[in-house]
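**Student:** Structure for this input, please:
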Amino acid sequence: MPRRMAREPQSPAPNNAPATDAPAPGAPASGESKISKVLALLRREDGATLTEMVEATDWLPHTTRAALTGLRKKGHALEKSKRDGATCYRVTGLA
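**Tutor:** Residues are numbered from 1 along each chain as shown. Sure, this is the predicted structure:
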C-alpha cells in the first residue's frame, strides 16, 4: 500500500510583483548612510550633541551612543566637552 502524505506539496507561488527600482530594505534612501551623517556632525568645529545626532539619524539615544563606541573601535578619536549644559562630541582625528 503506498504512503499518503498529510498534505500535498505546494508549488511556489509565482512572483507577479512588478520590478521596482526601490532601494533594498535597510539601505539609505538618499545614498548617505546614517553613520556618515553622524561623522559629518562630529567633524563640525563645535561637534554635535547626542540630541542632534538622534534627530539626524532617527536612532534611539542608546543606539547613537553605541555608534559612537563603534567609531572609537574603528580608530576615530572622539573628544567630549560641554556646550550649554549638554555633552558635546567631536572627532579630533584617527587614533
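**Student:** does residue 79 sit in a helix or strand, and which one?
**Tutor:** Using DSSP states H and E, residue 79 sits within strand 76-83.
**Student:** May I have the strands that pair with that strand, each with its orientation?
**Tutor:** strand 86-94 (antiparallel) (DSSP bridges).
**Student:** Mind exporting the C-alpha coordinates of the strand it pairs with to CSV?
**Tutor:** Extracted C-alpha coordinates of strand 86-94, given in CSV (Å, rounded to 0.1, in the frame of the first residue of the first chain):
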residue,chain,number,x,y,z
ALA,A,86,24.9,69.2,27.2
THR,A,87,27.7,66.8,26.4
CYS,A,88,29.1,67.6,23.0
TYR,A,89,31.2,65.1,21.0
ARG,A,90,33.8,65.9,18.3
VAL,A,91,36.1,63.9,16.1
THR,A,92,39.7,65.0,16.6
GLY,A,93,41.2,62.6,14.2
LEU,A,94,42.2,58.9,13.8
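**Student:** Now it: buried residues?
**Tutor:** 88-91 (16 or more other Cβ atoms under 10 Å). In this view, the C-beta of every residue, glycine as well, is placed from N, C-alpha and C.
**Student:** And it, how far out from the chain middle?
**Tutor:** Chain-centre distance of strand 86-94: 19 Å, with Cα atoms, centre = their mean, to the nearest Å.
**Student:** neighbouring contacts of that strand?
**Tutor:** Residues outside strand 86-94 that contact it (Cβ atoms under 8 Å, 6 or more residues apart in numbering) are 39, 42-44, 46-51, 53, 68, 71, 75-82.
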